[in-house]
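> This is the structure alone, sequence omitted:
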């Protein structure tokens, strides 16, 4: 373990093996840093919060603070993250509130670039990329392999589907469709994210099926209900299509089209 002499570590914090704490960083009560976590200089990490093995904090990260929510009344809440997450400079991560189950939860292998913000009660999957200044309001769900572009903002209670791409400076006020490019203020959907899907290992056949499904959903004269029925008739038992249909059918805010 390597702790700089200027760092302040609460006696109620738990540090795993091979943890590194840089100059002037503060680790508060109820913080759990698992093995191989590296905290740079001038970071402030408050608890209750837990950070998985191999996570890296660059300078000036603020994590585990109380939420930006006027309904918060000091109830005990948590921030929990998985393994190998990277938090770049000035990233801010807030704990949950009673209205969201008292938990903000982040998966593993995510990249949060400088000034990214995760508000209270958000749930983030694995392998997600937040570009500089990407911002989530409270209660947002971001599923695996999504990308949130620079300075994009996602409205509270929205969902961002798997493999979704949110363009820079976008304002997302409804659920962002999986596999798709959602761009603009206010955001619109521009079909499947072909380049991103290829980079993620999707086959040409899978991409072609998704392209056909998005044409029915976005470019036909069918309304959403009719488009979903047409997609079900044309494609059956394909996991990516079934997931797309379920995502739309379970949307509470509506989806971005």
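That came through, no problem. Note that the coordinates shown come from a computational prediction; the quantities given were computed from them, not determined experimentally. Numbers count the residues shown, from 1 in each chain.

> the strands in the stretch 151-257 of the chain, which residues?
Taking DSSP state E, counting those that start in this stretch, the strands of the stretch 151-257 of the chain run over residues 153-154, 159-160, 165-166, 171-172, 180-184, 187-192.

> would JSON lines of the ones you listed with mean neighbour count and mean pLDDT be doable?
Yep, even glycine has a C-beta here, placed from its N, CA and C like the rest. Shown next, in JSON lines, are these (neighbours: other Cβ atoms under 10 Å; pLDDT from 0 to 100):
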{"stretch": "strand 153-154", "mean neighbour count": "24", "mean pLDDT": "98"}
{"stretch": "strand 159-160", "mean neighbour count": "26", "mean pLDDT": "98"}
{"stretch": "strand 165-166", "mean neighbour count": "26", "mean pLDDT": "98"}
{"stretch": "strand 171-172", "mean neighbour count": "20", "mean pLDDT": "98"}
{"stretch": "strand 180-184", "mean neighbour count": "22", "mean pLDDT": "97"}
{"stretch": "strand 187-192", "mean neighbour count": "20", "mean pLDDT": "96"}
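
> Distance to residue 1 added to these, as CSV?
Formatted as CSV, the strands of the stretch 151-257 of the chain follow (distance: least, Cβ to Cβ, whole Å):
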stretch, distance to residue 1
strand 153-154, 37
strand 159-160, 37
strand 165-166, 39
strand 171-172, 41
strand 180-184, 44
strand 187-192, 45
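
> out of those strands, which comes closest to residue 230?
strand 187-192 (16.3 Å; Cβ to Cβ).

> which residues are contacting the closest one?
With contact meaning Cβ atoms under 8 Å, 6 or more residues apart in numbering, strand 187-192 is reached by 166-167, 170-174, 176-177, 179-183, 207, 210-211, 214-215, 218-219, 255-257.

> closest to residue 9 out of the strands of the stretch 151-257 of the chain?
Of all the strands of the stretch 151-257 of the chain, strand 153-154 comes closest under Cβ to Cβ, at 34.1 Å.

> need the contact list for residue 154.
By Cβ under 8 Å, 6+ apart, the contact list for residue 154 reads 135-137, 140, 142, 148, 160, 166, 172, 176.
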